[in-house]
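Participant: only geometry, no sequence info:
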Ligand code: NAP
């Protein structure tokens with residue numbers, strides 16, 4: 001049986017499956033392993049089941065024992081892993097697509113609604129008590145008829161688009177490549193971000209964090225939006241330059257922000273704390289029991305498939 005290091009605690013059903021599939025090394029206390037601890041713990045192992053909290057950079061990968069043949073990431077995103085370094089060392093990297101798209105799209109919609117309808121201020125007022133109803137009390141932005149820009153119209157972006165369309169929004173998107181009409185489902189393609197942002201009353205960021213997308217929301221691009229636009233991010237914190245967004249929120253160039261992810265998690269840029277219209281969640285995208293089990297099971301199956309066939313359909317490097 002292959003010996004696999006599982007760097008974070010999984011839901012029990014998934015740990016049971018791992019025990020049946022291979023010889024697992026569990027992290028029973030769910031301790032956040034340092035990079036040197038991952039290297040130490042992986043001695044004698046054939047593979048590692050990592051999470052997005054594991055920074056598998058070039059230096060870490062180069063120091064892994066030569067017995068490691070696969071890094072199976074418990075996420076669809078793989079910005080935490082240096083894919084080239086893994087490839088050079090002959091290590092396959094896999095991810096968990098599709099099974100988390102529904103749960104993450106739900107959070108993407110929650111961000112849009114929460115930011116547009118001033119949910120943070122509403123929750124605080126309800127808890128504080130003493131609020132008084134009036135015709136203009138906590139008036140927000142209604143979605144009906146507004147334009148939703150989707151940056152990264154992939155699995156999650158398309159689901160958000162479909163739900164938003166049912167709320168009466170008009171969908172625009174930008175990808176590097178235009179989708180088939182079937183996948184577009186009536187959404188309007190923009191071949192560059194300037195064009196997309198300029199028609200986005202609300203933006204939903206759904207693309208991966210890569211060198212290309214890092215800080216795509218920045219001091220310059222924030223000016224492309226219509227005044228009073230709303231920016232939401234369900235993808236990865238690295239795509240947004242927080243200082244630029246905070247400044248735009250303070251100037252009311254941007255009306256509100258909805259963030260499930262941000263740079264340097266779990267430490268939120270303190271600039272957001274003073275902004276009432278910031279609706280911020282602690283990376284909850286895939287956080288439902290069914291989804292987390294499905295992700296872990298897929299991460300386990302990826303390892304199994306790889307060792308049984310030498311290939312894996314979810315290999316990303
Ligand atoms: P996906 O199906 O691969 O979709 C990604 C989309 O982004 C594709 O349509 C792709 O189109 C586009 N894209 C890639 N690079 C781009 C670029 N440089 N400029 C513009 N568009 C670009 O991925 P997914 O399953 O929807 O997941 C998307 C991301 O969501 C993941 O990478 C992950 O980081 C994040 N996520 C977050 C959570 C959470 O907990 N908040 C949960 C799951 C996923 P082209 O290739 O044509 O450009």
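Facilitator: Ah, there it is. These numbers come from a predicted model, not from an experiment.
Participant: the residue of the stretch 201-317 of the chain found nearest the ligand - nearest residue in space that isn't next to it in sequence?
Facilitator: Proximity of the stretch 201-317 of the chain to the ligand (Cβ to the nearest ligand atom) peaks at residue 285, 2.1 Å away. All C-beta spots, glycine's among them, are computed from the backbone N, C-alpha and C. Excluding its sequence neighbours, the residue lying closest to residue 285 (Cβ to Cβ, 6 or more residues apart in numbering) is residue 104, at 4.0 Å.
Participant: separation between that neighbour and residue 305?
Facilitator: Computed as Cβ to Cβ, to the nearest Å, the residue 104 to residue 305 distance reads 23 Å.
Participant: now do the contacts for the closest residue to residue 6 other than its chain neighbours.
Facilitator: Distances taken as Cβ to Cβ, 6+ apart put residue 49 closest to residue 6, at 4.5 Å, once the chain neighbours are dropped. Residue 49 sits next to 4-7, 18, 72, 74, 299-300, 303 when contact means Cβ atoms under 8 Å, 6 or more residues apart in numbering.
Participant: from those residues, which land in strands?
Facilitator: Among those, the ones falling in strands (DSSP state E) are 4-6, 72.
Participant: returning to that earlier point: for the ligand, state which of the contacts of residue 49 is nearest.
Facilitator: For these, the closest approach to the ligand (Cβ to the nearest ligand atom) belongs to residue 74, at 11.0 Å.
Participant: surely that closest one meets residue 100?
Facilitator: No - Residue 74 is beyond contact range of residue 100, at 10.1 Å (criterion: Cβ atoms under 8 Å).
Participant: mutual contacts of the two, please.
Facilitator: Jointly contacting residue 74 and residue 100 under the rule Cβ under 8 Å, 6+ apart are residue 295.
Participant: on the three-state scheme, the residue nearest to residue 285 is what?
Facilitator: Three states are possible here, and by DSSP: H, G, I helix; E, B strand; the rest coil the one that applies to residue 104 is helix.
Participant: can you get me a residue count around it?
Facilitator: Residue 104 has 25 neighbours, counted by other Cβ atoms under 10 Å.
Participant: was I right about it contacting residue 154?
Facilitator: No - the criterion here is Cβ under 8 Å, and residue 104 misses it with residue 154 at 10.8 Å.
Participant: show me the strands in the stretch 101-250 of the chain, by range?
Facilitator: Shown for the stretch 101-250 of the chain, the strands assigned by DSSP state E, counting those that start in this stretch span residues 147-151, 170-174, 188-189, 202-205, 229-233.
Participant: residue 135: which of the ones you listed is closest?
Facilitator: strand 229-233 (22.7 Å; Cβ to Cβ).
Participant: show me how far the closest one is from its chain's centre.
Facilitator: With Cα atoms, centre = their mean, to the nearest Å as the basis, strand 229-233 stands 15 Å off its chain's centre.
Participant: what separation do you get for residue 107 and the ligand?
Facilitator: To the ligand, residue 107 is 6 Å away according to Cβ to the nearest ligand atom, to the nearest Å.
Participant: list the contacts for the closest residue to the ligand within the chain?
Facilitator: Using Cβ to the nearest ligand atom, the single residue of the chain nearest to the ligand is residue 154, 1.7 Å away. By Cβ under 8 Å, 6+ apart, the residues touching residue 154 are 175, 206-207.
Participant: what stretches of the stretch 51-200 of the chain score poorly on pLDDT?
Facilitator: Judged against pLDDT under 70, the stretch 51-200 of the chain has no low-scoring part.
Participant: write out the residues of it neighbouring the ligand.
Facilitator: Neighbours of the ligand within the stretch 51-200 of the chain, by Cβ under 6 Å from any ligand atom: 76-77, 97, 100-101, 104, 152-157, 174-177.
Participant: ChimeraX command to pick out the buried ones of those residues?
Facilitator: Those of those that count as buried under 16 or more other Cβ atoms under 10 Å are selected in ChimeraX with:
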select :76,77,97,100,101,104,152,153,154,155,156,157,174,175
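Participant: just the ones of the residues of the stretch 51-200 of the chain next to the ligand in helices?
Facilitator: Taking DSSP state H, the ones among those that sit in helices are 101, 104, 155-157.
Participant: report the separation between the residue of the chain closest to the ligand and residue 108.
Facilitator: To residue 108, residue 154 is 12 Å away according to Cβ to Cβ.
Participant: common neighbours of these two, please.
Facilitator: Residues touching both residue 154 and residue 108 (Cβ under 8 Å, 6+ apart): residue 206.
Participant: check contacts around residue 17.
Facilitator: Residues in contact with residue 17 (Cβ under 8 Å, 6+ apart) are 296-297, 300.
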